[in-house]
Structures are given as C-alpha cells and as structure tokens.
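Asks: here is my input; please provide its structure:
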Amino acid sequence: MAISRKLDNRRARIEKPKGGLALSFAGDVKNELVRVAEETACCEQAELSALLWMGGVISFGGKGRLGIKFVTENAAVARKALRSLKKEGVEDTEVKVTRALRLKKNNSYELRALPSPAVTNLLARMDILREGLLAEAPASPPRKNCCRKAWLRGAFLAGGSINRPEVEYHLELVAQNEGFARTLVAALRSFGLNAGLTTRKQDYVVYMKEGDAITSFLNLVGAHEALLEFENVRIVKGMRNQVNRLVNCETANLAKTVNAAVRQIEGIRLIVRRRGIDSLPRPLREAAELRLAHPEATLQELVEAFDGTISRSGMSHRLRALEKLAEELAAEELP
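Replies: Sure, this is the predicted structure:
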C-alpha cells in the first residue's frame with residue numbers, strides 16, 4: 001500500500017510481464033479469476049484486502065478521512081474492485097478511463113474511492129490502518145486456507161503476471177514493499193509452493209519459474225481454464241523435447257558410426273598399401289574385407305553380414321586390432 005496524492009505511475013507496469021506475448025495470457029487468467037464467486041464474506045474481504053495492499057494508493061481528505069486510488073489496465077479487474085468496495089459500504093466512488101495513445105498499449109482504469117469515513121473504516125477492517133497509523137505490510141497471511149487462497153487471487157489480480165507457457169514458465173507478483181512481498185512468499189510456501197524474491201528497480205518481485213509450481217498456483221486461485229491450457233502446452237512441449245532428444249541421440253550415434261567406419265577404412269587401406277591384405281591373420285583379414293565391402297554398415301550390420309558366427313564384441317575387437325596396426329604403420333612413416 002502506497003501513500004500518495006498523485007497517481008503512482010508504477011501501477012502501469014504491473015501487468016506488463018516479461019515477454020511481449022505474455023500480456024494476453026495474463027489478461028485471460030485475470031478475466032477468469034474475476035468470475036470466481038467467493039463462498040463466504042471472509043473470503044471476499046481477504047481478496048479485497050490483497051487488491052488494496054497490492055495495487056491501492058492512499059489519499060488524504062479533510063478531517064483525517066482517507067481515500068483509495070486503484071489503477072489497473074484490466075477492465076474486468078477494475079469492475080471487480082468497484083463491486084467489492086460497494087459491498088463493503090464504500091459508495092462515493094468514481095472511475096476514470098485513460099485511452100491508450102500508442103499501439104500495443106492498453107487503456108488505464110483509475111478507480112477512486114473518495115475520502116470518507118466508510119473508506120477509513122474499511123482500511124481499519126483490512127488491517128491496513130492500525131490504531132490510526134498506516135501499516136507497512138500485513139501482520140501475516142490469512143489463517144484460513146480458503147481466505148488465503150482468495151488473498152493470493154486478489155494479489156494476482158492487482159499485481160500478477162504470467163508468461164505464455166510456449167515462451168517460458170514464469171509467474172510473478174509485483175509488490176511495492178518488501179514486507180508485503182515476504183508475506184506473499186510465506187502464503188505461497190504454506191501451500192508448498194517454492195517462490196523466489198528479487199528486486200526490480202523500486203519494486204519487489206515474487207516469482208515462480210517451475211511449471212509444476214505455476215500449475216499448482218493456478219489451481220489454487222481457481223484459474224482452471226488457464227490451468228488446462230497451460231498443461232496442454234506443457235505436454236506438447238514435453239513430447240517435442242523428448243522427440244528432439246531422441247533425434248539428437250540418433251544423430252550422435254549415426255555420426256559416431258560414420259566416423260568410426262571412415263577411420264577403419266582408412267586404416268585398412270593403409271595396411272593394404274604397406275603390407276597387403278594377405279599379410280593379415282585370417283580373422284583380421286575377414287573383418288577387413290567385410291568392412292571394405294560394406295563401408296556404411298554399422299557394427300551390428302557387419303555382424304549380421306558375417307552370418308552370425310561372431311559376436312558384436314568379437315567384431316569390435318577385430319576392428320580395433322586393425323586400427324591399432326594401422327596406427328603403428330602410420331607411426332613408422334613419420335621422420
């Protein structure tokens with residue numbers, strides 16, 4: 001929660017995640033999350049609390065009254081915040097839409113709850129205002145699991161982003177102060193989600209880069225449609241990676257086979273030039289003749305061409321013996 005009379009321009013950066021393609025997917029997730037119906041009043045309050053902690057800016061009015069300013073680039077999130085405020089008795093509100101002047105820029109929606117006793121009381125109920133003073137961060141995440149899930153959902157709606165899984169696995173929550181960021185980390189870890197914390201300019205970024213953690217988070221906050229899309233892409237990527245690994249292994253094995261065959265043939269030809277093939281013992285001569293007759297054959301194919309009367313290890317031993325003899329002859333040619 002920030003304290004300012006002016007628009008906090010950092011809010012415009014919140015929904016711009018890493019990677020240009022991620023914005024539409026993040027928007028899809030948020031559009032799904034705003035449709036999640038809270039079952040209890042405590043969960044509704046928990047979600048609104050996170051919205052205000054994450055994206056709210058406090059303004060001051062006369063007689064010690066406080067107001068709230070909330071800015072987002074997502075129209076559905078703005079409507080959600082407005083409905084939640086009115087449910088909590090905050091009626092004196094206004095919405096301002098700033099049209100994007102450049103391509104690939106989203107409109108900005110500024111929601112204002114004008115300074116009033118209703119806003120001041122709301123901030124006190126949300127533990128944002130404690131004994132007349134604005135708190136730096138929540139004392140702790142909500143205790144009840146259902147409320148903690150709603151709280152994380154509100155945090156994502158206000159300051160979350162997620163990359164398309166085709167690009168990379170990356171989900172983040174951008175907070176304005178370290179205390180709130182650490183509270184987010186604690187809430188995520190209470191559900192077994194390992195989240196990291198880093199800084200980016202003046203912001204604190206809570207992030208997850210593991211696919212399993214991201215899918216668990218989406219399930220936790222109720223983004224089931226996004227979860228299915230995310231998992232489908234993960235499956236396709238996994239299959240593609242597996243195919244690529246198999247192709248790479250096959251390519252490497254083929255290259256290894258070709259290099260070995262070329263090396264063996266060159267060695268055999270050297271032996272033939274220097275000593276003649278008849279100088280070789282019968283087992284080596286047979287292996288040499290077989291290799292010259294089948295220059296592109298694999299070791300297994302050479303064994304099969306030998307009518308199966310020799311094992312792979314036996315054929316490999318004979319070919320290595322030929323290579324060793326060729327190396328000795330080549331060494332004799334050196335000055």
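
Asks: buried stuff in stretch 218-231?
Replies: Buried residues in stretch 218-231, counted by 16 or more other Cβ atoms under 10 Å: 218-223, 226-227, 229-230. Any C-beta I mention is one placed from the backbone N, CA and C, and that applies to glycine too.

Asks: same thing with stretch 136-147?
Replies: 137-138, 141-142, 147.

Asks: in strands, which of the residues you listed fall?
Replies: Among the buried residues of stretch 136-147, no residue falls in strands (DSSP state E).

Asks: closest one of these to N31?
Replies: Closest approach to N31 among the buried residues of stretch 136-147 (Cβ to Cβ): C147, at 22.8 Å.

Asks: mind checking how far the closest one is from G314?
Replies: C147 sits 72 Å away from G314, going by Cβ to Cβ, to the nearest Å.

Asks: how about low-confidence regions in this structure?
Replies: Within the chain, the stretches with pLDDT under 70 are 1-23, 100-104, 308, 333-335.

Asks: about what we covered before: just send the buried residues of stretch 136-147 back as CSV, with distance to E210 too.
Replies: Formatted as CSV, these follow (distance: Cβ to Cβ, whole Å):
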residue, distance to E210
A137, 26
P138, 26
P141, 21
P142, 24
C147, 25
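
Asks: mind putting the buried residues of stretch 218-231 into a markdown table with distance to L66 and secondary structure?
Replies: Output for those, formatted as a markdown table (distance: Cβ to Cβ, whole Å; DSSP: H, G, I helix; E, B strand; the rest coil):
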| residue | distance to L66 | secondary structure |
| --- | --- | --- |
| L218 | 34 | helix |
| N219 | 36 | helix |
| L220 | 32 | helix |
| V221 | 29 | helix |
| G222 | 31 | coil |
| A223 | 32 | coil |
| A226 | 35 | helix |
| L227 | 38 | helix |
| E229 | 40 | helix |
| F230 | 39 | helix |
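
Asks: ok, how many other residues are close to T72?
Replies: 27 (other Cβ atoms under 10 Å).

Asks: hey, what's it bridged with?
Replies: Y109 (DSSP bridges).

Asks: and the strands in the stretch 101-250 of the chain, which stretches?
Replies: Under the criterion DSSP state E, counting those that start in this stretch, strands of the stretch 101-250 of the chain are mapped to 108-116, 129-130, 133-134, 160-162, 171-175, 196-200, 203-208.

Asks: three-state assignment of the spatially closest residue to E44 that is not a sequence neighbour?
Replies: Ranked by Cβ to Cβ, 6 or more residues apart in numbering and with sequence neighbours excluded, the top spatial neighbour of E44 is E38, at 4.4 Å. Three-state call for E38 (DSSP: H, G, I helix; E, B strand; the rest coil): coil.

Asks: if we can go back for a sec, farthest pair within the buried residues of stretch 218-231?
Replies: Largest separation among the buried residues of stretch 218-231 by Cβ to Cβ: L220 and E229, giving 16.4 Å.

Asks: spit out the contact partners of V206.
Replies: Applying Cβ atoms under 8 Å, 6 or more residues apart in numbering to V206 gives the contacts 172-175, 181, 184-185, 188, 195-197.

Asks: and those residues, which is closest to E332?
Replies: Comparing the contacts of V206 against E332 with Cβ to Cβ picks out G196 as the nearest, at 63.0 Å.

Asks: let's have the strands of the stretch 101-250 of the chain in JSON lines, adding distance to V90.
Replies: Formatted as JSON lines, the strands of the stretch 101-250 of the chain follow (distance: least, Cβ to Cβ, whole Å):
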{"stretch": "strand 108-116", "distance to V90": "5"}
{"stretch": "strand 129-130", "distance to V90": "14"}
{"stretch": "strand 133-134", "distance to V90": "17"}
{"stretch": "strand 160-162", "distance to V90": "23"}
{"stretch": "strand 171-175", "distance to V90": "23"}
{"stretch": "strand 196-200", "distance to V90": "32"}
{"stretch": "strand 203-208", "distance to V90": "27"}
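
Asks: quick one: the helices in the chain?
Replies: Here the chain has its helices, by DSSP state H, at 22-33, 41-55, 75-87, 117-125, 145-159, 178-190, 211-221, 224-274, 282-293, 299-305, 312-332.

Asks: closest to P165 out of the ones you listed?
Replies: Of these, nearest to P165 by Cβ to Cβ is helix 224-274, at 4.0 Å.

Asks: run the chain-centre distance for the closest one.
Replies: Distance, stretch centre to chain centre, for helix 224-274: 27 Å (Cα atoms, centre = their mean, to the nearest Å).

Asks: also stretch 81-96?
Replies: The answer for stretch 81-96 is 35 Å, by Cα atoms, centre = their mean.

Asks: next: stretch 282-293.
Replies: 56 Å.

Asks: for stretch 138-155, same thing?
Replies: 23 Å.

Asks: contact partners of it?
Replies: So stretch 138-155 is contacted by 33, 36, 38-40, 42-51, 53-54, 127, 173, 179-180, 183-184, 186-188, 190-191, 217, 220-222 (Cβ under 8 Å, 6+ apart).

Asks: I'm done for today, thanks for sticking with me.
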